[in-house]
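Undergrad: Pasted the sequence and its predicted model underneath.
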Amino acid sequence: MNTRNSLLISLLLLLNAIVLLTAPETRAQTKPAAPAKVRKPGLQPDLIRGPYLQMATPTGMTIRWRTNAYDRSRVMYGTSPEQLTQLVDDSTLVMDHVIRLENLKPATKYYYAISSFADTIQWGQDNYFYTFPEAGKRDVTYRIAALGDCGNNSMNQRNVRDELNKYLGNNYLNAWILLGDNAYSDGTDAEFQAKFFNIYKDDLLKNTRFTHRRATTITTI
């Protein structure tokens, strides 16, 4: 090996040593542990969203709600408000609760209450829904509402809601289609809470299944 190559190798080794000595100390990056899902004994969680309905079929319905603390989920239901004798449980500790009711009778009115395993969280005479009729039924009246650009938390939004309820009277709204812009201006979770769920929580959400249009697809929240 000639002197020139030896000098070049020595310089490279020296530079490498300098880089190693001056490099900042690095440590393995670890993600912070997720907060533990703990149910606090004796604490009744507050209802902050819902209940609301999704995925209706002739024999099934999904009921959803949100609480401000982790808890288990239970839906009690029946065909009479005084006889909520059937129930579906989920022992997973969650704040966003989802319970699926199956094996229901088609074209039947059901009442329901949402609960933890310990206490009833919410119940009322307006907590009801109708299952869809069997496929192929023709002698049935359907009432479907379509709303668009509604989620701005304005007096106009409330007026449209009130006029729809007035028009329906005691008639059942079978489906509710949301055409878009349901929570201005970005559709964040906080905007949906303030400009959608808080507006419709006492009437339409409790007993009408809804779908909403987001971008170019029909989805559910």
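TA: Ah, there it is.

Undergrad: for this protein, which strand is longest?
TA: Criterion DSSP state E: the longest strand present in the chain is strand 60-78.

Undergrad: Any buried residues in that strand, and which?
TA: Within strand 60-78, the residues that qualify as buried by neighbour count (16 or more other CB atoms under 10 Å) are 61-67, 70-77. All C-beta spots, glycine's among them, are computed from the backbone N, C-alpha and C.

Undergrad: swap in stretch 136-144?
TA: In stretch 136-144, no residue is buried by neighbour count (16+ other CB under 10 Å).

Undergrad: For that stretch, C-alpha coordinates in PDB please.
TA: Taking only C-alpha atoms (Å, rounded to 0.1, in the frame of the first residue of the first chain), the coordinates of stretch 136-144 have been written out as PDB:
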ATOM      1  CA  GLY A 136     -90.700  -7.700  -1.000                       C
ATOM      2  CA  LYS A 137     -93.400  -6.200   1.100                       C
ATOM      3  CA  ARG A 138     -95.300  -3.600  -1.000                       C
ATOM      4  CA  ASP A 139     -98.300  -2.500   1.100                       C
ATOM      5  CA  VAL A 140     -96.000  -0.400   3.400                       C
ATOM      6  CA  THR A 141     -95.700   3.400   3.700                       C
ATOM      7  CA  TYR A 142     -92.100   4.700   4.100                       C
ATOM      8  CA  ARG A 143     -91.300   8.200   5.300                       C
ATOM      9  CA  ILE A 144     -87.700   9.300   4.400                       C
END
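
Undergrad: For it, give the mean pLDDT please.
TA: For stretch 136-144, the mean per-residue pLDDT is 88.

Undergrad: Ok, stretch 201-211 next?
TA: Averaged across stretch 201-211, pLDDT comes to 83.

Undergrad: Show me which residues of that stretch are buried.
TA: For stretch 201-211, the buried set under the neighbour-count rule, 16+ other CB under 10 Å, comprises 201, 203-211.

Undergrad: Over to stretch 191-204?
TA: Judged by neighbour count using 16+ other CB under 10 Å, the buried positions of stretch 191-204 are 191-193, 195-197, 199-201, 203-204.

Undergrad: which two in those residues are spaced the farthest apart?
TA: Maximum pairwise distance among the buried residues of stretch 191-204 (CB to CB): 20.4 Å, between Glu191 and Asp203.

Undergrad: quick one: contacts of stretch 132-147?
TA: The list of residues contacting stretch 132-147 from outside it, by CB atoms under 8 Å, 6 or more residues apart in numbering, reads 56-58, 106-107, 160, 164, 168, 171-179, 204, 208.

Undergrad: My error: substitute stretch 70-89 in the last question.
TA: In this structure, residues lying in contact with stretch 70-89 by CB under 8 Å, 6+ apart are 37-39, 45, 63, 90-95, 97-101, 108-117, 120, 125, 128.

Undergrad: Which ones among those map onto strands?
TA: Judged by DSSP E, those include 63, 90-95, 97-101, 109-115, 120, 125, 128 as members of strands.

Undergrad: which stretches of the chain form helices?
TA: 3-22, 155-168, 189-192, 198-200, 204-207 (DSSP state H).

Undergrad: Restrict the last one to CA atoms and write it as CSV.
TA: What follows is helix 204-207 as a C-alpha-only set of coordinates in CSV (Å, rounded to 0.1, in the frame of the first residue of the first chain):
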residue,chain,number,x,y,z
LEU,A,204,-84.6,12.2,15.5
LEU,A,205,-81.5,10.4,16.6
LYS,A,206,-83.3,8.2,19.2
ASN,A,207,-85.7,6.4,16.8
